[in-house]
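Participant: Here's a sequence, model it:
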Amino acid sequence: MVTELPPVDVFVTTADPQLEPPIITVNTVLSLMAVDYPAHKLACYVSDDGCSPLTFYSLMEAAKFAKLWVPFCKKYNIQLRAPFRYFAGDVTTLSGEDCSWEFQQARDTMKDEYEKLSRKIEDASQGSVPFDLTGEFAAFSNTERSNHPSIIKIILENKEGHPDALPHLIYISREKRPKQPHHYKAGAMNVLTRVSGLMTNAPFMLNVDCDMHANNPQIVLHALCLLLGTKRERDCAYVQCPQIFYDGLKDDPFGNQMVVLFEYMGRGIVGIQGPFYSGTGCFHRRKVIYGSWPDDMKTENSGLTSNGELTKENLLNEFGSSKQFINSAAQALQGNSNHLEDLSSSLETVHQVASCTYEYDTDWGQKIGWMYGSTTEDILTGLAIQTKGWKSVYCSPNPPAFLGCAPSGGPASMTQQKRWATGLLEVLVSKKNPIYGTLFVQLHFRQCLAYLWLLIRALRSIPEFLYALIPAYCIMTNSHFLPKGQEPASVIPAAIFVIYNLYCLHEYFMTNLSILEWWNNHRMQQITSTCAWSFGFLSVVLKLLGLSETVFEVTKKEQSASSDSSSAELGRFTFDGSPVFVPGTTLLLVHLTAVLTMLLGLRPQASNDNGSGLGEVVCTVWQVLCFWPFFRGLFGKGKYGIPSTTIMKGAILASVVVYLCRITSTS
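Facilitator: Numbering: from 1, shown residues only. Here you go, the predicted model:
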């Protein structure tokens, strides 16, 4: 029986004020501060890996607005607590109130205040900086994004511990130096864990990306019901909410809303060891992040006596050299929560644990905290947790817990997919892969298969690209790889093709999606595999050969997919000068060359009636249709057109392929 709600620390991560506009982060923070949970039990930590005074300024202004916004939401039971979402809707459908004069007056006031806040942040973003680097902003003077000391600011503090006041709000920018490894988001999450461990040390932690605002005001209560309601703690190491997106374009033209993936794969693995950790919208047990095993919370590995004091000097190699932090970790491992009455009293110590050298000769990123070694630190960390035997739980309330913005346009989508492919392959080739976890630790065999299904997806890229060339090759060389139409065996590939696509179409119908959305997802699967995944595969190969290191690329965030543009323009594929579009352009040009060769009768004479047939033609036309956005891009202008340099590179590679086909056909 739980007699009192436990504290919860909330982590929000952002890395680039240009790609992740501060107004998006502000809305996420405001929505989290306004959830239905006692304010003195909440602490919101914002990690700014860009060390941006603009982000800090935006949070300072948001804190002033929060003093009006949070009481307004709770007084009138507002359901949408991200201001930009709430004020974009109709008051009669959003408030659930009787629209009394008092309420409308309060709402109009809130709207005016939010518009002022938005203008201030927008003006600051455009360069009209309303602050100089003095006072609170002095810490940002003479700093660079990758070269600065740690900056930790307490923006709001609930000193009196009132449940109806505002939660703590703390800004963190960890120390970075040019030649020190930072480990990208995983490194930022570990700093958040240590800083929060010294300040509030809540037994539960929620982490969200800066664009994933709280859409269900009771989500913390929903998650804690699952975390606290299990008979044994091992049944729930973390609670994962699905990623769902707001203002998604109709029929998902960029194939990145992942509705079917979460509906089938996400729910399907719940009965094994639970869902994968997907990096955002996840509630963690702090002691699990600290490396606890499910069977025995006080093993020798914890190095703790019943009093929670250090018993072995080598524990410094696990948690670092800060004895204050080690003592807080001891409390957390024993299930206790010790928070400071005055947060500012810990500032000197928290700067120490946020330094870039603190993790030297420790187990951070290896055995405790968020795991290092992959750009998809979420999958690697979740795998490390489940490898120990922990289970996880899927939480999908109505309304959805969190809503985010899906990437729009080609470059953002390809950047995200490339990062995922790179990270997943890094996990696959690492020593912490699921096969090792099943053979030597406690990962369930079926959970291992689920992880392998996810991790090997990017391996499809190279063979799929080569396989996509086969129909064009057969047409240009007048050969075939499929049975002829008059042969009985021709039914086999046709049946496989039809059955597979009908099955996929059935999944979309079962989730109330359209045929057009199925088609968009199918063609984007082809584009993603040949373009983004192939570069992810190449990045990992170069890393294994020691020729380069993989890089974490931040995906551009936009507050809304809606704009003044027409829906047709919003759904059009966009391009930039990235080499990631070269493989798709090459593939399209090769298939267009094959079609042109067939129509002009330029193919060599087939011998013994073994020339290409209807099957090869259908496959080539299918590939052209899948790459139709690239076909339009050949003739498009601006961002809707493929850059001339990319077309030139694609044409050169296509010419090489055509030349090799000619050599093969004449030899």
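Participant: Could you list the low-pLDDT ranges of the stretch 201-350 of the chain?
Facilitator: Residue ranges of the stretch 201-350 of the chain with pLDDT under 70: 296-316.
Participant: so A468 touches Q623, yeah?
Facilitator: Yes: if you go by Cβ atoms under 8 Å, A468 and Q623 touch, sitting 5.7 Å apart. In this view, the C-beta of every residue, glycine as well, is placed from N, C-alpha and C.
Participant: Show me whatever sits in contact with both of those two.
Facilitator: Common neighbours of A468 and Q623, using Cβ atoms under 8 Å, 6 or more residues apart in numbering, are 526, 587.
Participant: and P434, what does it touch?
Facilitator: 383, 387, 443, 447-448, 451-452, 455.
Participant: what about the strands in the stretch 351-500 of the chain?
Facilitator: Per DSSP state E, counting those that start in this stretch, the stretch 351-500 of the chain carries strands over the ranges 392-394, 402-404.
Participant: Would you reformat the contacts of P434 as a markdown table and include pLDDT, neighbour count and distance to G279?
Facilitator: Shown next, in a markdown table, are these (pLDDT from 0 to 100; neighbours: other Cβ atoms under 10 Å; distance: Cβ to Cβ, whole Å):
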| residue | pLDDT | neighbour count | distance to G279 |
| --- | --- | --- | --- |
| L383 | 97 | 26 | 13 |
| T387 | 96 | 23 | 18 |
| L443 | 96 | 25 | 20 |
| Q447 | 96 | 22 | 18 |
| C448 | 97 | 22 | 21 |
| Y451 | 96 | 27 | 15 |
| L452 | 96 | 15 | 19 |
| L455 | 95 | 23 | 15 |
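Participant: Return the subset of those lying in helices.
Facilitator: Within the contacts of P434, residues falling in helices by DSSP state H are 383, 387, 447-448, 451-452, 455.
Participant: where does the protein dip in pLDDT?
Facilitator: 1-3, 90-98, 128-131, 296-316, 485, 559-568, 607-609, 666-667.
Participant: domain parsing for it?
Facilitator: 8-243+278-406, 458-666 (automatic domain parsing).
Participant: Indicate which one of those domains is closest to G255.
Facilitator: domain 458-666 (2.9 Å; Cβ to Cβ).
Participant: can you tell me which helix in this protein is longest?
Facilitator: From DSSP H, the single longest helix across the chain is helix 101-125.
Participant: So what touches the next helix or strand after that helix?
Facilitator: Where DSSP states H and E defines the elements, the next helix or strand beyond helix 101-125 is strand 151-156. Outside strand 151-156, the residues that touch it by Cβ under 8 Å, 6+ apart are 51, 56, 59-60, 63, 66, 136, 139-140, 143, 166-173, 195, 343-344, 347, 350-351, 354.
Participant: how about the ones in helices among the contacts of P434 in a markdown table, adding distance to G127?
Facilitator: What follows is those, written out as a markdown table (distance: Cβ to Cβ, whole Å):
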| residue | distance to G127 |
| --- | --- |
| L383 | 44 |
| T387 | 49 |
| Q447 | 50 |
| C448 | 52 |
| Y451 | 46 |
| L452 | 49 |
| L455 | 44 |
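Participant: Tally up the residues packed near the nearest residue to S396 once chain neighbours are set aside, please.
Facilitator: Once flanking residues are discounted, S396 sits nearest to P242: 5.6 Å by Cβ to Cβ, 6 or more residues apart in numbering. When neighbours are counted by other Cβ atoms under 10 Å, P242 registers 20.
Participant: in terms of contact, does P242 touch F276 like I think?
Facilitator: No: the criterion here is Cβ under 8 Å, and P242 misses it with F276 at 11.0 Å.
Participant: Can you classify F573 as helix, strand or coil?
Facilitator: coil (DSSP: H, G, I helix; E, B strand; the rest coil).
Participant: can you tell me which residues contact it?
Facilitator: 253-254, 409-410, 629-630, 632-633, 640.
Participant: For the residues you listed, could you give me JSON lines that also reports neighbour count, distance to H522 and secondary structure?
Facilitator: Shown next, in JSON lines, are those (neighbours: other Cβ atoms under 10 Å; distance: Cβ to Cβ, whole Å; DSSP: H, G, I helix; E, B strand; the rest coil):
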{"residue": "P253", "neighbour count": "26", "distance to H522": "12", "secondary structure": "coil"}
{"residue": "F254", "neighbour count": "27", "distance to H522": "13", "secondary structure": "coil"}
{"residue": "G409", "neighbour count": "20", "distance to H522": "19", "secondary structure": "coil"}
{"residue": "G410", "neighbour count": "28", "distance to H522": "17", "secondary structure": "helix"}
{"residue": "P629", "neighbour count": "24", "distance to H522": "13", "secondary structure": "helix"}
{"residue": "F630", "neighbour count": "26", "distance to H522": "15", "secondary structure": "helix"}
{"residue": "R632", "neighbour count": "14", "distance to H522": "17", "secondary structure": "helix"}
{"residue": "G633", "neighbour count": "26", "distance to H522": "19", "secondary structure": "helix"}
{"residue": "Y640", "neighbour count": "17", "distance to H522": "22", "secondary structure": "helix"}
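Participant: Mind checking what secondary structure H284 has?
Facilitator: Going by three-state DSSP: H284 is strand.
Participant: ditto for T13
Facilitator: strand.
Participant: Near Y45, how many other residues are there?
Facilitator: 25.
Participant: Make sure it is actually in contact with V12.
Facilitator: Yes: using Cβ under 8 Å, Y45 makes contact with V12 at a distance of 7.1 Å.
Participant: circling back to that earlier point, the longest helix of the chain packs against which elements?
Facilitator: helix 22-33, helix 53-75, helix 83-86 (3 or more Cβ pairs under 8 Å, 6 or more residues apart in numbering; DSSP states H and E).
Participant: Go ahead and confirm W628 touches Q526.
Facilitator: No: between W628 and Q526 there is no contact under Cβ under 8 Å: 10.5 Å.
Participant: gap between V540 and A450?
Facilitator: According to Cβ to Cβ, to the nearest Å, V540 and A450 sit 21 Å apart.
Participant: same thing with I492?
Facilitator: 29 Å.
Participant: Which one's more surrounded, the two?
Facilitator: Higher neighbour count among I492 and A450: A450, with 19 against 12, using other Cβ under 10 Å.
Participant: How about the contacts made by the more buried one?
Facilitator: 265, 268-269, 272, 276.
Participant: try 10 Å this time
Facilitator: 265, 268-269, 272-273, 275-276, 434, 444 (Cβ atoms under 10 Å, 6 or more residues apart in numbering).
Participant: Now stretch 187-200 - C-alpha only, CSV.
Facilitator: As requested, the backbone C-alpha atoms of stretch 187-200 are provided in CSV (Å, rounded to 0.1, in the frame of the first residue of the first chain):
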residue,chain,number,x,y,z
GLY,A,187,26.3,11.8,-21.7
ALA,A,188,23.8,14.5,-21.2
MET,A,189,21.3,12.1,-19.6
ASN,A,190,24.0,10.8,-17.2
VAL,A,191,24.8,14.4,-16.1
LEU,A,192,21.1,15.0,-15.5
THR,A,193,21.0,11.8,-13.4
ARG,A,194,23.9,12.9,-11.2
VAL,A,195,22.8,16.5,-10.8
SER,A,196,19.3,15.4,-9.9
GLY,A,197,20.6,12.8,-7.6
LEU,A,198,22.3,15.4,-5.6
MET,A,199,19.5,17.9,-5.6
THR,A,200,16.2,15.9,-5.4
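Participant: heads up, I number from 708, so please use that
Facilitator: Yes, from this point I'll number from 708; that puts the last item at stretch 894-907.
Participant: The residue nearest the centre of the chain - nearest residue in space that isn't next to it in sequence?
Facilitator: Computing the C-alpha centroid of the chain and ranking residues by Cα atoms, centre = their mean puts G986 first, at 5.6 Å. Take G986 and drop its neighbours on the chain: the residue closest to it by Cβ to Cβ, 6+ apart is D1085, 3.3 Å away.
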